[in-house]
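> Sequence below, structure please.
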Amino acid sequence: RALTPRWRMSLAARIAGLVIGVLLVNAWLHLALPQNNSQSEVARAAVPLMPFAEEAYEQQGRDELSTDCSPVHLAVICCGAETLAHTVTLMKSILLHRTSPLHVHFVSDNSTAPLLDTVMQSWALPHVRHAIYIPSAHDAPSLALNTSHYAGRVAFLKLALERVLPADLPRVLALDTDVLLLDDIALLWQLFSLFSADSLIGVIENLSDWYVKPTPHRRPWPAPGRGVNTGVMLLDLDRLRSARWGQLWPPVARAAQLTHGPPPLADQDVFNAVFAAHPSAYVVLPCRWNVQLGDRADRARCPGRPAALHWNSRRKEGARRPAYFLAQQGLVEEADGYHFRSASPTLAACGATPPVRHSAELPRDSKWQTRCKDFARAAETVYRLHPVVARQPYTPRAADVTLLLQLSPDRLARLEAAATAWDGPVSAVLYAHDAEVAMVRRQLREAHFARKPGFQLHVVYAVDGPYPVNFLRNVAAVHAATSHVFALDIDFAPVQGLHARLLARLADPALARAALIVPAFETTAYRFQSLPDKPSLLQQLRAGTIAPFRMTSWASGHAPTNFSRWERATTPYEVAFAPDFEPFVVVPASAITFDDRFSGFGWNKVTYLAALARTHPLVVLPDEFAVHQPHAPSTDLNRFRGSSTYRWCQGRLREWSNTSRPDVCASHTHTHT
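Coordinates of the predicted model:
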């Protein structure tokens with residue numbers, strides 16, 4: 001009988017479904033089985049590339065991991081602040097899955113190496129060792145090559161690892177920093193067993209058509225078959241040295257460059273040219289250990305469960321990254337890095353590790369130790385650091401000032417206000433959990449103030465307990481590259497033009513040696529804009545919308561500034577130190593540090609000023625000021641106001657600091673509320 005339109009549509013849908021099903025099955029068979037497209041690919045079919053073969057092979061290796069405590073040796077090239085951020089993510093992805101000790105060999109540069117060492121030292125990871133190597137032109141002649149690749153010449157360092165790394169290191173696993181591990185890296189390390197007697201390097205096949213489909217505007221370098229990707233490599237360093245690798249690749253690279261121009265894919269082009277000329281030098285590893293997701297990559301060429309994702313694209317941040325990669329990256333970035341300090345049961349079998357604890361001089365009486373455990377724990381915590389999460393270039397003057405700020409994520413808007421009003425360099429420290437750090441980094445990519453010359457942001461990863469305010473101030477100061485620093489709380493807005501006028505003041509040698517006081521005021525207006533000058537402030541002071549800071553609740557903290565004199569002053573004037581005085585000061589960067597035993601609310605600046613006043617005269621600046629903006633009380637302020645134990649602990653610590661720190665002069669312990 002004649003079909004109705006409804007039946008015709010249903011039948012068409014069923015036929016279409018069958019056709020699609022057949023196509024999908026054919027596609028799966030095409031991808032899952034080795035194809036005899038060329039002689040080189042037939043030869044590679046001997047390597048266990050099929051998903052089922054890989055899983056069976058690696059399951060055997062997985063069973064052997066629990067008894068092996070020998071380290072996996074990693075090589076990572078880390079040059080620049082942005083690469084350091086990617087390195088942190090890479091390391092976290094490795095730590096999430098590892099069951100073996102690690103020895104990480106970083107190849108870096110003079111500016112990045114100290115930052116990288118700070119990260120690794122502060123993370124205090126059990127069964128993880130690291131070393132940092134800064135190659136010279138003699139160690140890495142590959143740096144003389146040119147390339148248009150986004151990584152620049154740094155990428156060529158992989159060609160010189162057998163020279164840069166220690167001569168007694170026999171093998172290493174080299175990883176790009178844009179790789180995410182999804183499985184135990186020890187399983188990848190075990191694939192050295194696939195090497196033949198002639199194999200020097202283990203690599204994964206390239207998943208794009210870069211080398212097999214040239215265009216009129218792109219003439220790729222020579223490569224074997226589809227070529228290989230060098231984001232993940234196993235390097236037998238002993239064999240590379242014996243084969244005189246440093247003499248093997250340069251003539252090949254020079255010949256290819258004469259006919260094809262500079263290598264657009266940097267080291268990867270050189271490795272491919274060498275492998276095309278010397279096919280026995282490399283072995284192809286299972287593709288799941290380098291699933292490339294770049295713009296031209298064909299993910300379907302590597303079916304099965306990935307063990308490592310590789311975002312090999314110029315656009316590292318803010319680009320259209322695959323949803324699966326973003327999900328995995330988010331899991332890694334948000335993982336609490338402090339958990340990695342606890343060894344897994346497998347690693348525990350490799351030996352005990354000492355507890356991670358900072359040695360701090362603290363009161364020893366039983367009452368303090370019983371009642372003040374939170375403060376003791378905060379003073380002894382080894383905080384995880386990530387210096388220079390963001391940095392803009394800046395050339396400091398001979399006499400210059402860096403604004404030091406510290407904040408939690410809820411104060412990010414105040415960071416924008418302070419950095420916008422200040423015309424000089426800023427060193428800000430964010431105290432946040434891992435998940436919050438990832439969120440803030442994304443927000444900063446869109447923030448105009450974060451692109452100002454001299455702006456830099458550092459991270460101290462948060463733990464439960466009091467806010468480590470003085471530790472954060474010291475971290476900000478360490479990374480200041482100027483002659484002077486100005487530590488200001490994040491809720492204060494400095495007067496406009498303060499930086500430029502400070503530079504003029506510092507031309508006076510006497511003022512350059514002093515502690516320059518920037519008077520503090522407060523407003524009750526939530527919608528407050530930074531003021532342009534002193535007359536503007538005096539106008540609001542007389543109108544009652546602005547007042548000297550905390551004069552009704554904590555007068556001794558700022559009264560020695562002598563606000564009535566400041567209103568009339570036209571030149572700097574010196575004031576005497578008084579107990580409990582805690583102004584904001586511009587000081588030489590070589591001045592004393594803040595006592596980082598103090599955390600939470602109370603006495604953190606008072607003890608600093610008490611010590612500072614012994615060596616630096618206190619001079620009030622006549623035209624400068626900062627205005628405090630209202631905000632909800634912090635957790636620590638609420639605890640200070642509501643807990644007598646909290647106040648007692650802070651007061652007892654203040655007494656102890658006067659005797660345990662020689663540069664702190666004695667002062668009485670008036671308790672403010």
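> Poorly predicted segments of the stretch 351-500 of the chain, please.
Residue ranges of the stretch 351-500 of the chain with pLDDT under 70: none are present.
> Go again with 90.
Along the stretch 351-500 of the chain, segments meeting pLDDT under 90 span 351-369, 376, 413, 417, 438-439, 441-446.
> mind listing the helices for it?
Secondary structure of the stretch 351-500 of the chain (DSSP state H, counting those that start in this stretch): helices at 366-371, 373-380, 412-421, 434-444, 469-478, 498-505.
> Tell me which of these sits most buried.
helix 469-478 (a mean of 22; mean count of other CB atoms under 10 Å). Where C-beta positions appear, they are placed from N, C-alpha and C, glycine not excepted.
> Okay, angle between that helix and helix 373-380 too, please.
Per axes from the mean of the first three to the mean of the last three CA atoms, to 10 degrees, the angle that helix 469-478 makes with helix 373-380 is 20 degrees.
> for helix 469-478, packing partners?
strand 401-407, strand 426-432, strand 455-461, strand 484-487, helix 604-612 (3 or more CB pairs under 8 Å, 6 or more residues apart in numbering; DSSP states H and E).
> Dump the ones you listed into JSON lines; add mean neighbour count and distance to His103 as well.
Shown next, in JSON lines, are the helices and strands packed on helix 469-478 (neighbours: other CB atoms under 10 Å; distance: least, CB to CB, whole Å):
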{"stretch": "strand 401-407", "mean neighbour count": "26", "distance to His103": "34"}
{"stretch": "strand 426-432", "mean neighbour count": "25", "distance to His103": "30"}
{"stretch": "strand 455-461", "mean neighbour count": "24", "distance to His103": "24"}
{"stretch": "strand 484-487", "mean neighbour count": "24", "distance to His103": "38"}
{"stretch": "helix 604-612", "mean neighbour count": "23", "distance to His103": "40"}
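> Figure out which of the ones you listed is closest to Thr561.
helix 604-612 (11.7 Å; CB to CB).
> residues in contact with stretch 345-360?
65-66, 69, 99-101, 124, 126-127, 341, 343, 379-382, 597 (CB atoms under 8 Å, 6 or more residues apart in numbering).
> what's the residue lying closest to Thr99 once chain neighbours are set aside sitting at in phi/psi?
Spatial nearest neighbour of Thr99, chain neighbours left out: Thr346 (4.4 Å); criterion: CB to CB, 6 or more residues apart in numbering. According to degrees, to the nearest 10, the main-chain angles of Thr346 amount to phi -60, psi -50.
> Kindly state the pLDDT recorded for Thr346?
For Thr346, the model assigns a pLDDT of 80.
> Count residues in the vicinity of it, would you?
Applying other CB atoms under 10 Å, we find 18 residues neighbouring Thr346.
> same deal with Glu361?
By other CB under 10 Å, neighbour count at Glu361 equals 13.
> any chance of the helices and strands packed on helix 469-478 in JSON lines, plus distance to Ala155?
Shown next, in JSON lines, are the helices and strands packed on helix 469-478 (distance: least, CB to CB, whole Å):
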{"stretch": "strand 401-407", "distance to Ala155": "33"}
{"stretch": "strand 426-432", "distance to Ala155": "30"}
{"stretch": "strand 455-461", "distance to Ala155": "25"}
{"stretch": "strand 484-487", "distance to Ala155": "37"}
{"stretch": "helix 604-612", "distance to Ala155": "45"}
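> so which of the ones you listed comes closest to Leu115?
strand 455-461 (9.3 Å).
> Helix 469-478 and that closest one, what's the angle between them?
140 degrees.
> Please export the C-alpha coordinates of strand 455-461 as CSV.
Only the C-alpha atoms of strand 455-461 are listed here, as CSV (Å, rounded to 0.1, in the frame of the first residue of the first chain):
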residue,chain,number,x,y,z
PHE,A,455,53.2,44.0,37.0
GLN,A,456,53.9,40.6,38.4
LEU,A,457,51.8,38.0,40.3
HIS,A,458,53.0,35.2,42.5
VAL,A,459,51.0,32.4,44.2
VAL,A,460,51.2,31.0,47.7
TYR,A,461,48.9,28.0,47.8
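> Tell me the predicted confidence for the closest residue to Ser280 other than its chain neighbours.
Using CB to CB, 6+ apart and skipping the chain neighbours, the partner closest in space to Ser280 is Asp198 (4.1 Å). The model reports Asp198 with a pLDDT of 93.
> How many residues are close by Asp198?
Neighbour count of Asp198, defined by other CB under 10 Å: 13.
> Next, it: secondary structure please.
coil (DSSP: H, G, I helix; E, B strand; the rest coil).
> cool, Leu516 as well?
strand.
> my guess is it meets Val619, correct?
Yes. Leu516 lies in contact with Val619 (CB atoms under 8 Å); the separation is 5.5 Å.
> follow-up on the earlier one: filter the contacts of stretch 345-360 down to just the buried residues.
Among the contacts of stretch 345-360, those classed as buried by 16 or more other CB atoms under 10 Å are Leu65, Thr99, Ser100, Pro101, Ala124, Pro126, His127, Ala343, Ala379, Thr381, Val382, Arg597.
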